[in-house]
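>>> Generate coordinates for the sequence data below:
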Amino acid sequence: MPEKQTRNGDGGAAVAVDDPSRVRNVVLVGPSGAGKTTLTEALLVASGTVNRAGSVVEGTTVCDHDPAAVRQQRSVGLAVAPIVHGDIKINLIDTPGYADFVGELRAGLRAADAALFVVSAGEGVDAATVALWEECARVAMPRAVLIARLDHARANVAAEIAACQVAFGSGVLPLYLPPGSGAPGLIGLITQQFYDYAGGYPPRMGQPDPADLERLTDARNELIEGIIAESEDETLMDRYLAGEDISEDTLITDLETAVARGTFYPVIPVCAETGVGLAEVLDGIARAFPSPLEHPLPEIISANGAADPQLSPDPNGPLAAEVVRTAVDSYVGRVSLVRVFSGTLRPERSVHVAGHGLAERGHADHDSDERVAHLYSPLGSSLREVPYCVAGDLCALTKIGSAETGDTVSSPELPLLITPWAMPEPLLPVAVVAKARSDEDALARNLARLVAGDPTLRLERNAETSQLVLWCMGEAHADVVLSRLRAGGAEVDTEPVRISLRSTFAARASGHGRHVKQSGGHGQYAVCDVEVEPLERGAGFEFVDKVVGGSVPHQFIPSVEKGVRAQLQRGLVDGHPVVDVRVTLFDGKAHSVDSSDAAFQTAGALAIRDAAAKTSIVLLEPLDAVVVLLPDEHLGTVLGDLSSRRGRVLGTESVAGGQSIIRAEVPASELLRYAIDLRSLTSGKASFTRHHVRYDPMPESLAMH
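Numbers count the residues shown, from 1 in each chain. Next up is the predicted model:
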């Protein structure tokens, strides 16, 4: 394999690959606690990339280097661990399994060409993992299943494979199974060889116990039939059914083809502690998973909006790369993890950085030209310099100040845009405030960095409540965000999130506004009479001119309206803006000399306040439409909880997979912690979306507080 190696700091040699066919980008997917990070550590040791495996508990693993990950003892961010197996460079992409960090997982899916679903032996398959499996299926991403933690006290490989087949479909079949004796090793169902790990990694080849071969006959036959069913040779099944012994080479070739095109999903038992299955996992990735040449590129358009330029993973093609993660290192500053889809990134060159389509997340559209000084191959937090990065490979760039997660990196001569991947909506608001005035600059600076790197974090500056609100994915995500703010030198506190209220008139009322001042010189004179009446919810504001006889000169009628609008916006009760009213101007007086635009604005505002004093003002609270997707078993519990939140259920419907959808309208004030509470009520199996629909009257008992 043509390649160059450089050494820089910890982590040994960094490999720069010339040929995309020699690259495998593999994302590890699975629930929190399944053992993804520990397995990655074992694969790093097995490949000789590191000398000793780190510990999640001790916070010494390559991938969990973030202080928040060490404290929580679980991954909170995506990490890349490149290894070399034979002549193949494998970029292992370790992702968090906890639902709060699904944004990091989505980024990992974007960077990868195949996925390893890691499930813990004896733990079953959770709903979130099933949803991710279906997400991979929609883009035909090749997948394999690793049954991890074979040393667990409750480990049951057969039961876990059965659970995976129920969750993922009949295309999930084991390639290897443990021996009946419990010895550390695996039996290959195709090769019928025993891979003995009694002496650790790498395994010794041997013959299995004849009793094991007989015990595994049915599993072997099912595997062979599954592989033949995926074969492009239509005669193979007939030959097999006729009793012909299909050669091992033919079966392995057809297996690799089926896995690469995403229609067959092999299962490999593996144990990070004993090394069992590590060789089989590495061989499977190198031989059966596709190279970047076989994986379709995301949608790419030219910067002027023209059609897809029809790029391919050609190292000599136009440069098209994407920032899949942005982090801030305390020593080198901003670090951008980049997946190159076309062309070759080289140091000491200028690139065009463009971000479009994420304005609603606080990422304004931006374009700039930047100079790439150095390229690095990331190994966890270590950066090892490399001379180039070809199409299909991953690398890290430093000090690219304008780069944000999701941005496109291309040539200044041919600026391109890669369509951003879909991101979930953050639903947990957290209001933050600087502890002291001296912390405000650090808070603003660190927030800009965090938002640039995390597209699942939304920053809202609420002018009505004067609060700075961070919308997070959940409690764990919020904890990580706050810890990163504090680590950046910003001392912050949290405070209860305040809801923006509105108000309206309870009944029709008339108001008289008189603004007359004479204190020498040019005076002020304006009188107006208005009638205010409430409108239906959501109708907004109407201004009606019913002046007759010119009692208010025509040129001052807009002045009255301007004053009325300003007073309604300032509010009448606790500063809450007034909405859904019609204001009719029906009479007034003017002075030929002293009347002015400013005087009639003031009179209009006074008339509104006078009308408000003659009737009651109703407080309105925001109402959100909520859609909850949940398993049927939790339907009653969630319906009861929505009712306790003053929610009005509009209907329920059944959907595939034993799930239901609830549609309801719920006051926004009752949803502040719903992201946390719903997860607790359903053991993390439910999800929801929300959007504002209108303002409704607040109950008097709550309005009085």
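>>> Touching, D545 and I557? I think so.
Yes: with contact defined as CB atoms under 8 Å, D545 reaches I557; the gap is 5.4 Å. In short, each C-beta sits where N, CA and C put it, glycine included.
>>> Identify the contacts common to those two.
Overlap of the contact sets of D545 and I557 (by CB atoms under 8 Å, 6 or more residues apart in numbering) consists of L585.
>>> From the neighbour counts alone, determine which of the two ranks first.
Applying other CB atoms under 10 Å to D545 and I557 shows that I557 carries more neighbours, namely 18 against 14.
>>> if I pick that one, what's in contact with it?
545, 547, 585.
>>> Give me the subset of these lying in strands.
Of the contacts of I557, the ones assigned to strands by DSSP state E are 545, 585.
>>> what about the closest residue to G86 other than its chain neighbours, which helix or strand?
The shortest distance from G86 to any non-neighbouring residue, by CB to CB, 6 or more residues apart in numbering, is to A286 (6.0 Å). For A286, the host element (DSSP states H and E) is helix 278-288.
>>> Does that helix pack against any helices or strands, and if so which?
The contact analysis (3 or more CB pairs under 8 Å, 6 or more residues apart in numbering; DSSP states H and E) places helix 278-288 against strand 23-29, helix 36-46, strand 79-85, strand 88-94, strand 114-120, strand 143-148, helix 248-260, strand 265-269.
>>> Quick one: residues in contact with the helix or strand hosting V70.
Taking DSSP H and E as the definition, V70 sits inside helix 67-72. For helix 67-72, contacts defined as CB under 8 Å, 6+ apart pick out 59, 64, 75-77, 476, 479-480, 483-484, 487.
>>> could you redo the helices and strands packed on helix 278-288 as a markdown table and give each row distance to A603?
Listed next are the helices and strands packed on helix 278-288 as a markdown table, based on distance: least, CB to CB, whole Å:
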| stretch | distance to A603 |
| --- | --- |
| strand 23-29 | 66 |
| helix 36-46 | 69 |
| strand 79-85 | 66 |
| strand 88-94 | 67 |
| strand 114-120 | 69 |
| strand 143-148 | 71 |
| helix 248-260 | 78 |
| strand 265-269 | 76 |
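>>> Could you list the buried residues of stretch 411-424?
Across stretch 411-424, burial judged by 16 or more other CB atoms under 10 Å covers 411, 415-418, 420-421, 423.
>>> how about those in JSON lines, adding distance to S660?
JSON lines is the format used below for these (distance: CB to CB, whole Å):
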{"residue": "S411", "distance to S660": "50"}
{"residue": "P415", "distance to S660": "46"}
{"residue": "L416", "distance to S660": "43"}
{"residue": "L417", "distance to S660": "39"}
{"residue": "I418", "distance to S660": "36"}
{"residue": "P420", "distance to S660": "31"}
{"residue": "W421", "distance to S660": "28"}
{"residue": "M423", "distance to S660": "25"}
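>>> Strand 265-269 and the host helix or strand of I228, what's the angle between them?
Element membership for I228, per DSSP H and E: helix 217-229. Here helix 217-229 runs at an angle of 150 degrees relative to strand 265-269 (axes from the mean of the first three to the mean of the last three CA atoms, to 10 degrees).
>>> Can you name the next helix or strand after helix 217-229?
Toward the C-terminus, helix 217-229 is succeeded by helix 236-241 as the next helix or strand (DSSP H and E).
>>> Which strands or helices does that following helix pack on?
helix 217-229.
>>> if we go to 10 Å?
If you count contacts as 3 or more CB pairs under 10 Å, 6 or more residues apart in numbering; DSSP states H and E, helix 236-241 packs onto helix 217-229, helix 248-260.
>>> by contact count, what packs against the longest helix seen in the chain?
Scanning the chain for the longest helix, with DSSP state H as the assignment, gives helix 597-613. Contacts defined by 3+ CB pairs under 10 Å, 6+ apart place helix 597-613 against strand 502-505, strand 509-517, strand 524-534, helix 557-570, strand 581-589.
>>> could I get those as CSV with distance to L681 and mean pLDDT?
Formatted as CSV, those follow (distance: least, CB to CB, whole Å; pLDDT from 0 to 100):
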stretch, distance to L681, mean pLDDT
strand 502-505, 31, 95
strand 509-517, 45, 95
strand 524-534, 38, 96
helix 557-570, 40, 96
strand 581-589, 40, 96
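>>> And the helices and strands packed on helix 278-288, which one averages the lowest pLDDT?
Out of the helices and strands packed on helix 278-288, helix 248-260 stands lowest, with a mean of 88 (criterion: mean pLDDT).
>>> chain center to that one, what's the gap?
35 Å (CA atoms, centre = their mean, to the nearest Å).
>>> tell me what it is packed against?
Helix 248-260 packs on helix 217-229, helix 236-241, strand 265-269, helix 278-288, going by 3+ CB pairs under 10 Å, 6+ apart.
>>> Show me where the stretch 601-705 of the chain has its strands.
Using DSSP state E, counting those that start in this stretch, the strands of the stretch 601-705 of the chain run over residues 617-631, 648-655, 659-667, 687-697.
>>> Residues contacting the second one, please?
Under the contact criterion CB atoms under 10 Å, 6 or more residues apart in numbering, strand 648-655 has outside partners 623, 625-630, 632, 635, 638-639, 642-643, 659-667, 696.
>>> from those, which would you call buried?
Among the contacts of strand 648-655, those scoring as buried are 623, 626, 628-630, 635, 638-639, 642, 659-660, 662, 664-667, 696 (criterion: 16+ other CB under 10 Å).
>>> hmm, back to that, quick one, the helix holding I228 and helix 248-260 angle?
70 degrees.
>>> Point out the other helices and strands that helix 217-229 packs with.
strand 172-174, strand 176-177, strand 185-188, helix 236-241, helix 248-260, strand 265-269.
>>> Beta-bridge partners for L173, please?
P266 (DSSP bridges).
>>> And for it, the neighbour number?
L173, neighbours per other CB under 10 Å, totals 22.
>>> now swap in T504 and tell me
Neighbourhood size, T504 [other CB under 10 Å]: 23.
>>> how much space is there between it and I301?
Going from T504 to I301 by CB to CB, to the nearest Å gives 46 Å.
>>> Helix, strand, or coil at the one residue sitting closest to the centre of the chain?
Centroid check for the chain by CA atoms, centre = their mean gives G103 as the closest residue, at 2.2 Å. Under DSSP: H, G, I helix; E, B strand; the rest coil, the three-state class of G103 is helix.
>>> pretty sure it is touching G474, no?
No: the criterion here is CB atoms under 10 Å, and G103 misses it with G474 at 11.2 Å.
>>> Overlap in contacts, those two.
426, 456.
>>> quick check, A34 in a strand?
No: going by three-state DSSP, the assignment for A34 is coil, not a strand.
>>> show me what contacts it?
A34 is in contact with 28, 97, 117-121, 123, 125-126, 129, 146-149, counting by CB under 10 Å, 6+ apart.
>>> L629: what's it in contact with?
Shown in contact with L629 (CB under 10 Å, 6+ apart): 127, 131, 655, 657, 659-662, 685-689.
>>> Apply 8 Å and report the result again.
Contacts for L629 (CB under 8 Å, 6+ apart) come out as 655, 659-661, 686-688.
>>> So for it, what's the pLDDT?
93.
>>> and if you look at the one 4 residues further on?
Listed pLDDT for E633 reads 94.
>>> still on that earlier bit, what are the buried residues along the helix holding A286?
In terms of neighbour count (16+ other CB under 10 Å), helix 278-288 has its buried residues at 278-282, 284-288.
>>> how far off helix 248-260 does it point, in degrees?
If you take the same axes, to 10 degrees, helix 278-288 sits at 80 degrees to helix 248-260.
>>> coming back round to it: out of the helices and strands packed on helix 236-241, flag the one nearest Y176.
helix 217-229 (10.1 Å; CB to CB).
>>> For the closest one, what is the distance to the chain centroid?
With CA atoms, centre = their mean, you get 38 Å for helix 217-229.
>>> Good, wrapping up.
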